Structures are given as structure tokens and as C-alpha cells.
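Novice: just the structure for this:
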Amino acid sequence: MTNTPRRVCVTTILLSLITLSAYSDAVSDKGREIFEAHKSAVVTVQVVMKMKFSFPGMGSQEDESKSEVTGTVISEDGLTLVSLSETDPTSLIKNMMAGQAGMENMQMETEIRDVKILTADGTEIPAEIILRDKDLDMAFVRPTEKPSTPMDYISLENPGEPDYLDQIVTINQLGKVARRTHSVSLERIQAIVTKPRTFYLPGNDPSQTGLGSPAFTLDGNLIGVFLLRSIKSTGGSAMSMLGGMQDNVMAIIVPAADIQDAASQAPPLK
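Specialist: Take a look at the predicted model:
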């Protein structure tokens, strides 16, 4: 009789582990289902940009670069959302340099030279940036010509609204070093900011999910897209500016409803 309580305890632990394992498997199954359903709507957008800097008394400097960023296709005609900061970092840099001695008269311009949407099968689709929203870090890219067949896209209808600690599924497309392979991850909502606009903060390291990547509830509803929120630096030395970047710049999930409102302003495809 003396062993009965111990046996009951061991049985309870085993049942708990079995239940936890079954739940984990169910979440993984849902995550894989969402991943397979939507990964083709997560694309790479290639941008060639020319940046020009000028400082009073120091002349100007130009630099041209090519970058690849992640985008989420949100309509069958190829309308794609990317982070504005990754395609035109002007506002981000100005915010970070605000208050720095000698930088108040800096002039900066960005010219987009070329844009292409790269699909999973390697097709390069000529595109252009047709709409920008600096406040929400949105840039909308669309093919210059209507695609011959509808593109895979993620609907903005019936958005998901997660609560604290809810698990979410995120889909990303990796860079050239990983052969632009799609990746998927499970994260939890750590914080929900409601004023002046609602946005969500994941608990995991946001660097693991690229800007422009979508996030879903376990029911498969789109929560929103990872974008960048930045505020103006309060100034100080260069070292303090670097140290304060964590307080001034943050990756967030912008809700699908805000994306839909912004996308509705896009001019029609001619």
C-alpha cells in the first residue's frame, strides 16, 4: 500500500506528457497545413535603388545597390506588400539621425531604379512601387502588366485577432544563401499595443522572421504582416544612438485591417 501514491503520481505525469505531446503534434500539423496553403504567396521582391546623400559644405555622395526583401502577395493581380524601410530607408535613417549634431541639414534621396517580383519557380515579374505609407512602413508593389494567370495570394478578409500568449504561425522566405527556401515558425504573442493603432509583438526573436512576412492564427486566418515601427531618436552621441536603437526601432505585426485600408488606395491596374 505504501507504493500507491507514488504509482498514482507517476501515472499522472505520464498522462500529462502524453497529452502535451498530442497537443504539440496537433499544433505542428496545423502549422504545416497553413504553411503549405500559403507559402507560394510569400515571395522575394528584388529592388535596385540609388541613394544620394548631401551635407552642407561637404558635397554629395551617391550609391546604387540591389537588395532582396520578402513580400506578401495580397491580391490575384500580384499586389504585394513589403516593408518601406527595406525598399526606401530614407525615413528610417532620418529618424535614427534626428538630434545628432551636424546631421540636421543632411539631405537624403532615394530613387527606385528597378523592381521585380521573384516567384517560387524562378520567374522574374517586372513590377513597380505604386503606393507608400510611411506611418505604417508599407510599400505596395505590383506587376507592371496583368499576370497571365492569377497569382497565389493571401486574403485580407476575416482577419485573425490573437490574444496574449496565443500561438501564431509565421511564413518567411529566406535569402539567396538558403536558395530562397520558405521557412515556417511558431511564435507566441507577447504584447498587444492598442493606441494610437493596434499592433502585435511576438515573443521570439523577430530577426528570425523577415519583414514583409505574414503571420496567422492557428485557425489559418491572417493576423497581419511583419513591418518596422520607428520613432525619432532623442539625440546624443553616436554610441548612445546605437545603444538606443532597440528603443527606437522595432519589428511589429501590422493588422490585416490596416493593410486592407491602405491597399484600397492603390490605383487600379491599367
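Novice: mean confidence score for stretch 193-208?
Specialist: For stretch 193-208, the mean per-residue pLDDT is 80.
Novice: ugh, wrong one, I meant stretch 83-99
Specialist: 72.
Novice: list the helices and strands the helix or strand encompassing Ala251 packs on?
Specialist: Using DSSP states H and E, Ala251 maps to strand 249-255. Contacts defined by 3 or more C-beta pairs under 8 Å, 6 or more residues apart in numbering; DSSP states H and E place strand 249-255 against strand 199-202, strand 222-230. No exception for glycine: its C-beta is placed from N, CA and C like everyone else's.
Novice: of those strands, which stretch is the most buried?
Specialist: strand 222-230 (a mean of 23; mean count of other C-beta atoms under 10 Å).
Novice: just checking: what are the partner strands of that strand?
Specialist: strand 214-217 (antiparallel), strand 249-255 (antiparallel) (DSSP bridges).
Novice: could you tell me how far the following helix or strand past the longest one lies from the centre of the chain?
Specialist: As assigned by DSSP H and E, the chain's next helix or strand after strand 249-255 is helix 256-263. Averaging C-alpha coordinates over helix 256-263 and over its chain gives two centres that are 14 Å apart (C-alpha atoms, centre = their mean, to the nearest Å).
Novice: tell me what helix 256-263 is packed against?
Specialist: Secondary elements touching helix 256-263 (3+ C-beta pairs under 8 Å, 6+ apart): strand 124-133, strand 138-143, strand 222-230.
Novice: rebuild the ones you listed as a markdown table, extending it with distance to Gly31 and mean pLDDT.
Specialist: Shown next, in a markdown table, are these (distance: least, C-beta to C-beta, whole Å; pLDDT from 0 to 100):
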| stretch | distance to Gly31 | mean pLDDT |
| --- | --- | --- |
| strand 124-133 | 29 | 95 |
| strand 138-143 | 26 | 96 |
| strand 222-230 | 14 | 93 |
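Novice: nearest to Gly212, out of those?
Specialist: strand 222-230 (6.4 Å; C-beta to C-beta).
Novice: what are the ranges of the helices in the stretch 1-150 of the chain?
Specialist: Assigned by DSSP state H, counting those that start in this stretch, the helices in the stretch 1-150 of the chain fall at 4-38, 84-87, 90-97.
Novice: for Asn221, which non-adjacent residue is spatially closest?
Specialist: Gly160 (3.5 Å; C-beta to C-beta, 6 or more residues apart in numbering).
Novice: how about the secondary structure of that neighbour?
Specialist: Secondary structure, DSSP: H, G, I helix; E, B strand; the rest coil: Gly160 is coil.
Novice: wait, it sits on Leu222?
Specialist: Yes: counting by C-beta atoms under 8 Å, Leu222 is a contact partner of Gly160 at 6.3 Å.
Novice: hang on, isn't Thr217 packed against Ile253?
Specialist: No: the criterion here is C-beta under 8 Å, and Thr217 misses it with Ile253 at 11.4 Å.
Novice: fine by me, thanks again.
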